[in-house]
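1. Quick one, structure for this:
(one chain, ligands or ions: 3)
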Amino acid sequence: MHKSAARTKEFFPGIEKVCFEGRDSKNPLAYRWYDENLTVAGRTMKEYLRFSIAYWHSFCATGRDPFGSETRDLPWSVEGDPVSRGKTKMDAAFEVITKLGVPYYCFHDFDLVDEGSSIADSDKRLQTMVEYAREYQESTGVRLLWGTSNLFSHKRYMNGAATNPDFRVLTHAGAQVKRALDITIALGGENYVFWGGREGYMTLLNTDMKREKDHMARFLSMARDYGRQHGFRGTFLIEPKPMEPTKHQYDYDAETAIGFLRHYGLEKDFKLNIEVNHATLAGHTFQHEVQCAVDAGLFGSMDANRGDYQNGWDTDQFSVNLFELVEAMLVIEEAGGFGSGGVNFDAKIRRNSTDPADLFIGHIAAIDVFARALLTADAILRESEYVNLRHQRYASFDKGDGKRFEKGELTLDDLRALAIASGEPPPISGKQEFIEQMITMFT
Ligand code: XLS
Ligand code: NI
Ligand code: NI
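-> Ligands and ions are numbered 1, 2, ... in the order given. The predicted structure follows:
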């Protein structure tokens, strides 16, 4: 139990620590696939998947939407001054995180406590919350996967933060990131995320896009320099998203963010945090986005959720799509895992999910699907022809003229001569159905 501020109230009294009961269990409050001590691909599942709970969706969201007010009655949302409310919320957060047995959490600065009336006031509030969080981390062993700052909710950021056309707003964003980096360092955060929610435009008619992107790069470089000078050795992460709340966001998708990072020389310190629903909003599969990041050597971490495939916004539902996750885990396992990143549940229960257990079941179901996806991907990689089939498709480049082409030893004239010499090539099957069948066979 927590040292200086023993939790006085249990917020989920009927719910015990969630345990692994095996795949025959029908208990919705138990793990059926996630056996944290089981070794897969050289690590325990716990070490491999590095699950994390998102503070904002789980402990701050009230069910409000543009059409209606709160539906969720948050028992930790009590009367009182902001700091004591923040502490009560953190009591609830650590109850949930430890009952789920998840090793990490993530937050935005002002998820922990409401923003103050001045920078100094916010500094003070957050300072107290950081001390409180540090004690919880020490007593529970839960760690901070990443820190971040909310540069999108306050009205001053309506035209952007680092890309705001008003320099005064940019200075406030700077103050906030400096403080959020200090907090991340103080709590041993392993990564620091930039999701550029309002770093984009609503209309190009009033926007100097080139200048805004230059500003964003300058701002990120300053954050990198500050972090490195103050002992942050973790990874900075860009979280691509194509739109929402802006019409167009500059970190549109993985390839765009990779190009941006390389153009501005930031690729040594920054990697990508890929979110499932952001991938689908960009018109890509999640697997595609992960593969792009892996190929660039810039896969950093994952925000786990899913979209509604019939509409066009970030619904942040809990992941239950096994096929989609097996496709992604194949890429991630081949790439060697998550490194300093992890699987952060950037997901929320539905507005009409109002039972206390719903929050637990959302996480448990998603954790199990990830565990199952990891086991499936691992079996496919170890026991099937999957990797070999892909290598074989390119076998003609492994020797002879194909190899010379790859080395840059051929000209366009050479290609013409070789085409004439080899004649019309016979068709070679891509075997898509066979490979898709493999996924269903191994799950
Ligand atoms: C919103 C983003 C956000 C980031 C953190 O769409 O996913 O939740 O992960 O700022
Ligand atoms: Ni996210
Ligand atoms: Ni999102």
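2. Tell me which stretches of the stretch 51-200 of the chain form strands.
-> Here the stretch 51-200 of the chain has its strands, by DSSP state E, counting those that start in this stretch, at 51-54, 104-108, 143-148, 191-194, 200-201.
3. of all these, which lies closest to D378?
-> Across those, D378 has its closest neighbour in strand 51-54 (17.1 Å, CB to CB). For the C-beta atoms, the positions are set from N, CA and C on the backbone; glycine is no exception.
4. Let me see the ranges of the helices in the stretch 201-350 of the chain.
-> Counting by DSSP state H, counting those that start in this stretch, the stretch 201-350 of the chain has helices at residues 209-229, 254-263, 276-281, 286-295, 322-334.
5. ranking those by burial, who's on top?
-> helix 276-281 (a mean of 25; mean count of other CB atoms under 10 Å).
6. before we move on, the earlier item: can you put the helices of the stretch 201-350 of the chain in JSON lines and add distance to F11?
-> JSON lines is the format used below for these (distance: least, CB to CB, whole Å):
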{"stretch": "helix 209-229", "distance to F11": "34"}
{"stretch": "helix 254-263", "distance to F11": "38"}
{"stretch": "helix 276-281", "distance to F11": "28"}
{"stretch": "helix 286-295", "distance to F11": "33"}
{"stretch": "helix 322-334", "distance to F11": "30"}
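7. Turn the ones you listed into JSON lines, including mean pLDDT.
-> JSON lines is the format used below for these (pLDDT from 0 to 100):
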{"stretch": "helix 209-229", "mean pLDDT": "98"}
{"stretch": "helix 254-263", "mean pLDDT": "98"}
{"stretch": "helix 276-281", "mean pLDDT": "97"}
{"stretch": "helix 286-295", "mean pLDDT": "98"}
{"stretch": "helix 322-334", "mean pLDDT": "98"}
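8. And those: which comes nearest Y105?
-> That would be, of those and by CB to CB, helix 276-281, which comes in at 19.1 Å.
9. and L325, how far is that from Q287?
-> For L325, the distance to Q287 (CB to CB, to the nearest Å) stands at 9 Å.
10. So which residues on the stretch 251-400 of the chain come close to ligand 2?
-> When proximity is defined as CB under 5 Å from the ion, the stretch 251-400 of the chain approaches ligand 2 at E275, D303, D346.
11. Closest residue of the stretch 101-250 of the chain to ligand 1?
-> Nearest residue of the stretch 101-250 of the chain to ligand 1, counting by CB to the nearest ligand atom: W195, 3.5 Å away.
12. doesn't K241 make contact with that residue?
-> Yes: the pair formed by W195 and K241 meets the contact definition of CB atoms under 8 Å, at 6.7 Å.
13. can you list residues touching both of the two?
-> D251 (CB atoms under 8 Å, 6 or more residues apart in numbering).
14. With neighbour numbers in mind, choose between the two.
-> K241 (27 against 24; other CB atoms under 10 Å).
15. Identify the residues contacting the closest residue to the more buried one other than its chain neighbours.
-> Spatially, and ignoring its direct neighbours in sequence, K241 is nearest to H278 (4.1 Å; CB to CB, 6 or more residues apart in numbering). For H278, the contacting residues are E239, P240, K241, P242, D253, E289, D303, D314, by CB under 8 Å, 6+ apart.
16. one more time with 7 Å, if that's ok
-> Counting by CB atoms under 7 Å, 6 or more residues apart in numbering, H278 touches P240, K241, D314.
17. Over to V169?
-> With contact set as CB under 7 Å, 6+ apart, V169 has these partners: R156, Y157, A161.
18. With respect to ligand 2, which of those is nearest?
-> A161 (16.1 Å; CB to the ion).
19. ok, that closest one - contacts?
-> So A161 contacts L151, V169, A173, R198, E199 (CB under 7 Å, 6+ apart).
20. hmm, try it at 10 Å
-> A161 makes contact with 149-152, 154, 169-170, 172-174, 176-177, 194, 196-199, 215-216, 219, according to CB atoms under 10 Å, 6 or more residues apart in numbering.
21. Narrow those residues to those that are buried.
-> Those of the contacts of A161 that meet the buried threshold are 149-152, 169-170, 172-174, 176-177, 194, 196-199, 215-216, 219, by 16 or more other CB atoms under 10 Å.
22. picking that back up, how much space between the residue nearest to K241 and G362?
-> To G362, H278 is 19 Å away according to CB to CB.
23. go on, P245?
-> P245 sits 24 Å away from G362 when distances are taken as CB to CB.
24. who's more crowded, those two?
-> Set side by side, P245 and G362 show more neighbours around G362, with 22 against 16, by other CB under 10 Å.
25. Check the gap between F59 and D182 for me.
-> Counting by CB to CB, the gap from F59 to D182 is 22 Å.
26. confidence score at H2?
-> pLDDT recorded at H2 is 44.
27. now do the one 3 residues further on
-> With respect to pLDDT, A5 has a value of 50.
28. which residues are in contact with the strand or helix carrying E47?
-> Using DSSP states H and E, E47 sits in helix 45-49. Residues outside helix 45-49 that contact it (CB under 10 Å, 6+ apart): 20, 31, 33-43, 51, 101-103, 302, 304, 329, 332-333, 337-338, 342-343, 367, 370-371, 373-375, 378.
29. Inside strands: which ones of the residues you listed?
-> Of those, the ones assigned to strands by DSSP state E are T39, V40, R43, F51, M302, A304, V343.
30. By neighbour count, which of these wins?
-> Ranking these using other CB under 10 Å puts M302 first, with 31 neighbours.
31. ok, that one - contacts?
-> Contacts for M302 (CB under 10 Å, 6+ apart) come out as 49-50, 52, 239, 272-276, 286, 289-290, 293, 319, 325, 328, 332, 338, 341-346, 370.
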